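A.B. asks: A structural model of the following input is requested.
(one chain, ligands or ions: 1)
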Amino acid sequence: MKIAVVGTGYVGLVTGTCFAEAGNKVTCVDIDKAKVEKLSVGRITIYEPGLEKIFLRNIKEERLRFTTQLDEAVEDAEIIFLALPTPPGTDGSADLKYVLGVADHLGEILKGYKVIVNKSTVPVGTADKVSAAIAKNFSGEYDVVSNPEFLREGVAVDDFMKPDRVVVGTRSERAKKIMSDLYAPFIRQGNPLMFMDERSSELTKYAANSFLATKISFMNEIAQLCERMGADVDMVRRGIGSDNRIGKRFLFPGIGYGGSCFPKDVQALIMSSDEVGYDFEILKAVEKVNANQKLHLFEKIKVYYQNNLQGKHFAIWGLAFKPNTDDIREAPALSMIDALTKAGATITAYDPEAMPNVKAQIGDKINYASNQYQALEKADALIIATEWSEFRSPDFEHMVQALDNNKIIFDGRNLFDIPFIKSKNFIYFSIGR
Ligand SMILES: NC(=O)c1ccc[n+]([C@@H]2O[C@H](COP(=O)([O-])OP(=O)(O)OC[C@H]3O[C@@H](n4cnc5c(N)ncnc54)[C@H](O)[C@@H]3O)[C@@H](O)[C@H]2O)c1
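C.D. replies: Next comes the predicted model:
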């Protein structure tokens with residue numbers, strides 16, 4: 001099939017590349033000229049494990065190309081995916097200006113029948129708005145379909161190629177047939193392709209992310225209790241996770257959820273609920289708990305140094321909002337950096353992939369190390385903000401040397417077993433233990 005993907009960020013690039021990998025001919029469109037120039041010469045713009053290899057292969061096989069021209073991309077396409085940003089507007093609700101802006105433009109350039117598929121995370125009713133925007137200038141046939149994306153950064157290629165489920169919101173039989181054909185190669189293992197109406201599909205995405213965020217905030221509150229009651233959250237986590245109604249995953253406490261999705265999607269669902277006169281109380285609490293949790297480790301640092309962080313120097317391991325990505329949107333490490341520097345501390349950080357993005361955002365507010373041990377030099381303590389696997393089994397001798405015997409770790413991700421780290425004579429603070 002011929003496909004256009006509008007918006008070539010984390011979702012658009014993975015979507016375009018994976019559809020090309022299944023044999024489709026894909027044109028990805030982006031308004032960012034520099035990004036399109038880079039991608040066109042085979043330089044990948046995001047770090048996502050396994051993506052570069054198939055990206056290069058599909059460019060070479062001429063199934064994947066990039067352009068800044070929407071009309072050129074959609075001319076031959078049977079399906080047009082929208083993978084555009086839906087950032088929070090000033091009131092926290094999802095800002096639809098990118099999605100509706102492209103929909104307006106599509107209305108001006110469509111010629112024949114197309115399926116316009118919205119992959120962005122959008123409030124309920126957006127399919128109708130996209131349809132209306134197109135209809136302003138185009139009176140031919142088209143279908144607007146909701147197809148929320150559930151990929152996780154860091155394992156996005158696997159998630160896309162072997163999704164747990166594909167949700168498609170459409171009541172059009174014609175669009176259903178096209179979407180079934182398109183997704184057939186991705187659901188061969190029996191994972192469901194679920195058809196539903198557009199509104200249910202749009203809400204499914206917000207419900208999924210909000211539920212996951214709730215699970216995290218719930219565990220962070222249990223961790224708070226553990227600290228006050230002398231229990232160990234690792235034990236409690238295992239104890240409840242083995243109940244398959246609860247499940248083992250997403251039960252890890254930490255320094256709050258971040259990323260480009262959970263914070264904005266929770267906020268947007270609260271706003272959408274308000275708009276229909278419903279006070280989504282649990283989600284408001286989820287947000288509040290998360291905001292507090294992002295500073296929980298900082299509070300421990302402050303207590304340890306008796307409220308005097310002036311002139312202290314910290315090493316931070318991990319800047320990305322989670323491992324295996326270079327994405328730093330709403331990363332808890334950034335809140336930590338902000339709090340520490342405001343309190344007069346200095347920082348040297350190391351992250352395997354996210355340092356260029358952090359540099360672009362905050363420049364020389366902190367120092368950057370070329371490896372995890374260099375970050376420790378002259379530091380009063382180490383702070384762990386992202387659970388990259390290379391931080392899990394470090395060379396402790398090397399650490400002690402680099403830290404000049406300041407054997408103090410504030411671990412926001414519970415990387416180390418407590419008896420083990422104590423046997424190495426570290427002063428060790430973690431979450432909920
Ligand atoms: N990142 C994730 O893990 C993830 C997962 C599921 C769903 N989503 C949702 O998918 C959507 C996209 O997220 P993302 O993380 O890929 O965003 P992103 O910011 O990485 O990418 C968006 C891209 O769209 C481009 N763009 C903006 N306006 C454009 C226009 N008019 N024409 C063409 N391109 C334009 C931007 O330049 C950018 O490259 C959001 O709604 C997000 O909530 C994201």
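A.B. asks: is residue 124 in contact with residue 272, as I believe?
C.D. replies: Yes: counting by C-beta atoms under 8 Å, residue 124 does reach residue 272; the two are 6.5 Å apart. C-beta: built from backbone N, CA, C; applies to glycine.
A.B. asks: shared neighbours, those two?
C.D. replies: Residues touching both residue 124 and residue 272 (C-beta atoms under 8 Å, 6 or more residues apart in numbering): residue 206.
A.B. asks: contact residues of the stretch 201-350 of the chain facing the ligand?
C.D. replies: 260-261 (C-beta under 6 Å from any ligand atom).
A.B. asks: which parts of the stretch 201-350 of the chain are helices?
C.D. replies: Along the stretch 201-350 of the chain, counting by DSSP state H, counting those that start in this stretch, helices occupy 233-241, 262-275, 281-294, 296-304, 332-342.
A.B. asks: dump those helices into JSON lines; add mean pLDDT as well.
C.D. replies: Formatted as JSON lines, the helices of the stretch 201-350 of the chain follow (pLDDT from 0 to 100):
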{"stretch": "helix 233-241", "mean pLDDT": "98"}
{"stretch": "helix 262-275", "mean pLDDT": "97"}
{"stretch": "helix 281-294", "mean pLDDT": "97"}
{"stretch": "helix 296-304", "mean pLDDT": "98"}
{"stretch": "helix 332-342", "mean pLDDT": "97"}
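A.B. asks: turn those helices into CSV, including mean neighbour count.
C.D. replies: Listed next are the helices of the stretch 201-350 of the chain as CSV, based on neighbours: other C-beta atoms under 10 Å:
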stretch, mean neighbour count
helix 233-241, 17
helix 262-275, 21
helix 281-294, 18
helix 296-304, 18
helix 332-342, 21
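A.B. asks: looking at these, which is nearest to residue 349?
C.D. replies: Ranking these by proximity to residue 349 (C-beta to C-beta) places helix 332-342 first, at 7.4 Å.
A.B. asks: so what touches that closest one?
C.D. replies: By C-beta under 8 Å, 6+ apart, helix 332-342 touches 254-256, 258, 294-295, 297-298, 301, 309, 314, 316, 318-321, 328, 347, 349, 351, 358, 361-362, 365-366, 383, 385-386, 412.
A.B. asks: filter these to the buried ones?
C.D. replies: The neighbour count (16 or more other C-beta atoms under 10 Å) marks 254-256, 258, 294-295, 297-298, 301, 309, 314, 316, 318-321, 328, 347, 349, 351, 358, 366, 383, 385-386, 412 as buried among those.
A.B. asks: in contact with the residue of the chain at minimum distance from the ligand, which residues are there?
C.D. replies: The ligand sits closest to residue 9 of the chain, with a gap of 1.7 Å, by C-beta to the nearest ligand atom. For residue 9, the contact set (C-beta under 8 Å, 6+ apart) comprises 30, 46, 83, 85.
A.B. asks: ok, the residues you listed vs residue 16, which is closest?
C.D. replies: residue 83 (8.1 Å).
A.B. asks: list the contacts for the nearest residue to that closest one once chain neighbours are set aside?
C.D. replies: Using C-beta to C-beta, 6 or more residues apart in numbering and skipping residues adjacent in sequence, the residue nearest residue 83 is residue 12, 3.4 Å away. Counting by C-beta under 8 Å, 6+ apart, residue 12 makes contact with 5-6, 28, 30, 81, 83-84, 119.
A.B. asks: any idea how far residue 12 is from residue 73?
C.D. replies: As defined by C-beta to C-beta, to the nearest Å, residue 12 lies at a distance of 12 Å from residue 73.
A.B. asks: quick check: neighbours shared by the two?
C.D. replies: 6, 28.
A.B. asks: and the two most separated of the contacts of residue 9?
C.D. replies: Farthest pair in the contacts of residue 9, by C-beta to C-beta: 46 and 85, 14.0 Å.
A.B. asks: please say which of these two ends up with more neighbours.
C.D. replies: Taking neighbours as other C-beta atoms under 10 Å, residue 46 and residue 85 compare with residue 46 leading, 20 against 16.
A.B. asks: apart from its neighbours in sequence, what residue is nearest that one?
C.D. replies: Using C-beta to C-beta, 6+ apart, the closest residue to residue 46 is residue 10 (5.8 Å).
A.B. asks: I'd guessed the one you found sits against residue 153; true?
C.D. replies: Yes: in terms of C-beta under 8 Å, residue 10 counts as a neighbour of residue 153; the distance is 5.9 Å.
A.B. asks: which neighbours do the two share?
C.D. replies: Residues touching both residue 10 and residue 153 (C-beta under 8 Å, 6+ apart) are 48, 327.
A.B. asks: let me see the ranges of the strands in the protein.
C.D. replies: 2-6, 25-29, 64-67, 79-82, 114-118, 142-146, 166-169, 193-196, 313-317, 346-350, 367-368, 381-384, 408-411, 427-429 (DSSP state E).
A.B. asks: tell me what the fifth one is packed against?
C.D. replies: Packed against strand 114-118 by the contact rule (3 or more C-beta pairs under 8 Å, 6 or more residues apart in numbering; DSSP states H and E) you find strand 79-82, helix 97-109, helix 126-135, strand 142-146, helix 173-183.
A.B. asks: those into CSV, with extra columns for mean pLDDT, distance to the ligand and mean neighbour count?
C.D. replies: Rendered in CSV, the data for these read as follows (pLDDT from 0 to 100; distance: least, C-beta to the nearest ligand atom, whole Å; neighbours: other C-beta atoms under 10 Å):
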stretch, mean pLDDT, distance to the ligand, mean neighbour count
strand 79-82, 98, 8, 26
helix 97-109, 98, 4, 18
helix 126-135, 98, 10, 19
strand 142-146, 98, 12, 24
helix 173-183, 98, 16, 17
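A.B. asks: just put these in CSV and tack on distance to residue 408.
C.D. replies: Putting these into CSV (distance: least, C-beta to C-beta, whole Å) gives the following:
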stretch, distance to residue 408
strand 79-82, 48
helix 97-109, 45
helix 126-135, 49
strand 142-146, 50
helix 173-183, 51
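A.B. asks: wait, which of those is closest to residue 284?
C.D. replies: Per C-beta to C-beta, nearest to residue 284 of the helices and strands packed on strand 114-118: helix 126-135, 22.9 Å.
A.B. asks: whatever residue is furthest in space from the centre of the chain and residue 423, how far apart?
C.D. replies: Relative to the centre of the chain, the most outlying C-alpha is that of residue 139, 37.2 Å out, by C-alpha atoms, centre = their mean. In this view, residue 139 and residue 423 are 74 Å apart by C-beta to C-beta.
A.B. asks: and for residue 138?
C.D. replies: Residue 138 is 69 Å from residue 423, by C-beta to C-beta.
A.B. asks: of these two, give the one with the bigger neighbour count.
C.D. replies: residue 138 (16 against 10).
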